[in-house]
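*Asks:* Mind looking at a prediction? Sequence and model below.
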Amino acid sequence: MMLGDIRNLDQEKHLYPSAVRRGLEYIKLHQLENASPGRYELESGKMFAIVQEYTTQPVSGQQYESHYSYIDIQYLVSGTERIGWKRYDDRLKISLNRLSEDDIQYYESEAEKEFEAVQRRERRAGQDEGSDLIMEPGLFAVFFPTDLHRPCGHVHRESCIRKIVIKIHRSLVGL
């Protein structure tokens, strides 16, 4: 997982894999902030953008998700959003596997509670496995296939979100 600010892209772009850099530069140069919600092709099926608008929800009841084929760049245009993040762990149980149809799978919330208890013990031992990202306009997060994430969460209260998600096929970064 990577976290950054689009306003620092010129100084920091050398830190990102080439395909991630291209996705971020596309956001910056093509003003997708003003585009209608929907899907926009960037690199013939290997990279595309999704412009989204939605209202955040309470974190309780939300499930972590992951992707296998695509890396996500989630760039917040407006609003505030809490995104949970953690590394993949094989102790988590999959509640819905739609990898072959939509490149997404969700994880059971009961297994989540057990995993959270393990994480608390590991944190006390000095091993932190995840966190909540508080996203504000201009910030972006990059989620790789081993990064579980839980988008759409409230920060303090409901917020109307405008977001651009760039989907990058794993082959473009050598995975």
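*Replies:* That came in fine, so what should we check first?
*Asks:* where are the low-confidence patches of this protein?
*Replies:* 109-130 (pLDDT under 70).
*Asks:* Mind jotting down where the strands sit in it?
*Replies:* 2-5, 38-43, 47-55, 65-66, 70-78, 81-87, 94-98, 104-107, 130-135, 139-143, 147-153, 160-169 (DSSP state E).
*Asks:* List the strands paired with the third one, with their directions.
*Replies:* Read it as strand 47-55. Strand 47-55 pairs in its sheet with strand 38-43 (antiparallel), strand 160-169 (antiparallel), by DSSP bridges.
*Asks:* Return the distance of the last one from the chain's centre.
*Replies:* Using Cα atoms, centre = their mean, to the nearest Å, we find the averaged C-alpha position of strand 160-169 to lie 8 Å away from the chain's own average C-alpha position.
*Asks:* now the shortest one
*Replies:* The chain centroid and the centroid of strand 38-43 are separated by 17 Å under Cα atoms, centre = their mean.
*Asks:* With stretch 27-35 instead?
*Replies:* Stretch 27-35 sits 18 Å away from the centroid of its parent chain (Cα atoms, centre = their mean).
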